[in-house]
Structures are given as structure tokens and as C-alpha cells.
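Visitor: could you look at this predicted model? Sequence included:
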Amino acid sequence: MTNPLPGTGPVLGIWAHPDDEVYLSGGLMAAARAAGRRVVCVTATRGEHGTDDPEHWPPERLAAVREVELTASLAALGVTEHHQLGLPDGGCARQPFDAVVARLAAIVAEVRPEVVLTFGPDGFTGHPDHRMVSAWAEAARNRAAPAARLLHPRLTAAFADTWQHVYDRLQLFDSADLPWRAAPDRVAVELRLDDALADRKLVALRAQATQTAELLTLLGAETMRAWACSVESFVDAAPAPAWDFADGC
Ligand SMILES: [Zn+2]
């Protein structure tokens with residue numbers, strides 16, 4: 001790794017589905033744990049609909065398997081603290097905003113993170129659950145840890161150009177208008193994973209086989225490692241507004 005991690009204190013990741021955390025921040029989490037830092041991960045849903053084959057993978061079965069996969073994946077990164085909110089996969093936008101933010105704010109208050117990682121308002125891929133989690137996480141940060149640095153994953157334009165053929169093939173993004181490429185001056189954190197960290201991230205990705213086995217077969221392990229386990233980049237979100245400091249809740 002050629003550049004420092006953001007901050008020195010606890011890191012809290014707030015994501016929508018099992019596997020979001022490893023794709024977008026697996027290297028950062030593993031590096032922070034290796035540096036002796038507390039890392040806590042929150043997953044809003046159990047990802048029970050994350051399959052093209054619901055007959056073979058009915059929601060309860062898939063949710064149970066993904067829970068085991070996620071635990072193993074986080075363990076490979078050295079992360080043992082995980083909160084599962086158990087909200088419906090694909091149904092985050094229908095949840096009562098204040099009630100979810102209150103749950104998240106209680107976790108934020110306990111962890112007292114220096115750094116909070118979550119999707120940008122665009123949801124990174126545009127997924128409605130991701131967009132909702134972004135809004136919840138920002139509100140919870142503003143309420144319970146307004147001084148915490150809020151970072152959103154965003155690919156550098158150079159990285160996106162290098163891997164455009166993979167993105168074209170995977171069709172990850174819901175819309176062509178998403179701001180998934182960051183200009184170099186917007187990138188606040190760019191972690192380049194060394195070989196050991198890349199290997200750990202690949203192990204963590206493999207651990208979530210219901211989501212990654214097909215992709216690993218499609219791309220091959222070497223390409224998967226070079227694409228998904230080489231760089232993680234983030235932009236800074238706006239600081240917490242002053243009125244949230246004063247609202248005292
Ligand atoms: Zn997701």
C-alpha cells in the first residue's frame with residue numbers, strides 16, 4: 001500500500017447488502033484492522049433476493065447462506081464486529097426513515113467512528129437500497145458523530161477507463177448518468193492494495209460465493225484480483241451541517 005489510511009481511529013462501514021462492504025472497502029477494512037484499529041460493519045439487508053434463480057435459492061435459504069458467507073468474508077479481513085439490520089432486500093426505501101436512522105445512530109454513538117464509509121447519494125451503482133442507505137448513514141453520522149469523516153466510494157477516472165471493458169460486460173450501473181468516475185482532484189483517499197492485501201480481499205470475495213463464484217468463473221481469478229483487489233478510492237462527503245450539531249438528538 002503506497003498511501004496512508006484515513007485517520008487513526010475506529011472505522012464504521014454502513015452498506016446495503018452482503019458483499020457491498022468487501023467490493024467497496026475490503027482492502028481498507030483489512031488494512032485498518034492490521035493497523036490495530038476497530039472496524040465495525042453494518043449491513044442493512046440480508047440480501048435474500050440476490051439471485052437469478054429464486055427457485056433454487058428461496059429467500060430464507062439464501063439469506064441464511066449469505067449470513068454465513070458474510071461472517072467468513074469479514075473474518076478473512078480481520079473484521080469481527082458486524083450488525084445486521086435485517087431490513088427487506090429491495091425494500092429499503094419503504095422503511096420509516098426516522099426509525100432506521102435512530103437504529104443506526106445508536107450504533108454510531110457506540111462505535112464513535114473517526115471514519116464512516118457508505119455509498120454516495122447516487123448509491124454508487126444507482127441501486128435504490130444503496131441510495132437509501134446513503135441517506136440513512138449520513139443522517140446517523142450527522143446526529144451521533146458529526147465530526148466523523150464521511151467517505152463515499154468513487155472510482156478514479158483512470159481506473160474506470162482501464163476497466164471499462166469489465167464494466168461494459170457486467171452492466172453494474174443502473175444509469176449512464178451516475179457520477180462513478182471521480183476527477184483526480186476529487187479523490188480524497190486512494191488505497192493501492194499490496195499483494196498480501198489483494199490476496200486477502202480475494203479470499204473475502206470468494207467467501208461470498210453465492211455472489212462471486214459466477215463472476216470469478218467469468219473473469220478468471222487473475223482478472224478478478226487485478227480489477228476488484230487493486231485500488232479502493234473514495235471522495236469526501238459534505239461535512240455535517242451546523243444545525244445538526246445543535247439539534248441535540
Ligand atoms: Zn448492494
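Guide: That came through, no problem.
Visitor: the closest residue to residue 128 other than its chain neighbours: neighbouring residues, count only.
Guide: Excluding the flanking residues, the one nearest residue 128 by CB to CB, 6 or more residues apart in numbering is residue 93, at 5.3 Å. For every residue, glycine as well, the C-beta is placed using N, CA and C. Neighbour count of residue 93, defined by other CB atoms under 10 Å: 11.
Visitor: which phi and psi values does the closest residue to the ion within the chain adopt?
Guide: Closest approach between the chain and the ion, counting by CB to the ion: residue 17, at 3.6 Å. Dihedral angles of residue 17 (phi, psi; degrees, to the nearest 10) stand at phi -130, psi 150.
Visitor: hmm, residue 45 and it touching each other?
Guide: Yes: contact criterion CB atoms under 8 Å: residue 17 and residue 45 qualify, at 5.6 Å.
Visitor: what sits in contact with each of those two?
Guide: Among the neighbours of residue 17, those also in contact with residue 45 (CB atoms under 8 Å, 6 or more residues apart in numbering) are 89, 129.
Visitor: and the residue of the chain closest to the ion, what does it touch?
Guide: 43, 44, 45, 47, 50, 89, 129.
Visitor: how much space separates it from residue 69?
Guide: Residue 17 is 12 Å from residue 69, where distance means CB to CB, to the nearest Å.
Visitor: check residue 20 too.
Guide: 13 Å.
Visitor: interface residues of this structure facing the ion?
Guide: 16, 17, 20 (CB under 5 Å from the ion).
Visitor: Serialize those to JSON lines and add fields for pLDDT and distance to residue 56.
Guide: Formatted as JSON lines, the residues of the chain next to the ion follow (pLDDT from 0 to 100; distance: CB to CB, whole Å):
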{"residue": "16", "pLDDT": "98", "distance to residue 56": "23"}
{"residue": "17", "pLDDT": "98", "distance to residue 56": "19"}
{"residue": "20", "pLDDT": "98", "distance to residue 56": "23"}
